[in-house]
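Colleague: give the three-dimensional model of this entry:
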Amino acid sequence: MTISAGIVFACAVTYGVQGLYYGIGASALTWWLYSSWAEASQGQATLGARLCLLRVIDSNGGRASFWQTASRQAVRVALGAAPVFALLTGPRELPLALAALLPLSFLFALHNERRQTLADLLGRVVVVPC
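Modeller: Below you'll find the model as predicted:
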């Protein structure tokens, strides 16, 4: 997260308001690549997930592929970026209903036995304890 904040800050300072948008995009891309790679690696988790003793597996119990974790992270980044984009641009550009998808996506975890969020379901992965 510190790296992401550094990317956004550096772009904003260098390029102004337009740089803020570039920084958010670059930060999201960096996070997407790192998370996808880490969850598809042999450790099956990001550093934070390892500290929480969690790992990501595919829906059959095996190691998740890069494309499964990449699709999971793409949904998470898109849902996480929607509220930020709505705050930066105002409700005219992005309806606030779309920004509400992030918290609503976690409600999926309350209504299925494997506790999968919307991103987990679309990526066909499960987060389990180590």
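Colleague: so what's residue 70 closest to, chain neighbours aside?
Modeller: Leaving aside its sequence neighbours, residue 70 sits nearest to residue 36 (Cβ to Cβ, 6 or more residues apart in numbering; 4.1 Å). (C-beta placed from N, C-alpha, C; glycine too.)
Colleague: pretty sure the one you found sits in a helix.
Modeller: Yes. Assessed by DSSP: H, G, I helix; E, B strand; the rest coil, residue 36 belongs to a helix.
Colleague: heads up, I number from 5, so please use that
Modeller: Renumbered: residue one is now 5, and that last one reads residue 40.
Colleague: mind listing what it touches?
Modeller: 70, 73, 74, 76, 77 (Cβ atoms under 8 Å, 6 or more residues apart in numbering).
Colleague: if we go to 7 Å?
Modeller: Contact analysis of residue 40 by Cβ atoms under 7 Å, 6 or more residues apart in numbering lists 70, 73, 74, 77.
Colleague: nearest to residue 31, of those?
Modeller: residue 77 (13.1 Å; Cβ to Cβ).
Colleague: go ahead and name everything in contact with the helix or strand harbouring that closest one.
Modeller: Per DSSP states H and E: residue 77 is located in helix 70-93. Identification of contacts with helix 70-93 by Cβ under 7 Å, 6+ apart yields 28, 32, 35-36, 39-40, 43-44, 60, 62, 98, 100, 102-103, 105-106, 109, 122-124, 126-129.
Colleague: how close does residue 118 sit to residue 53?
Modeller: 16 Å (Cβ to Cβ, to the nearest Å).
Colleague: neighbour count winner among those two?
Modeller: residue 53 (18 against 12; other Cβ atoms under 10 Å).
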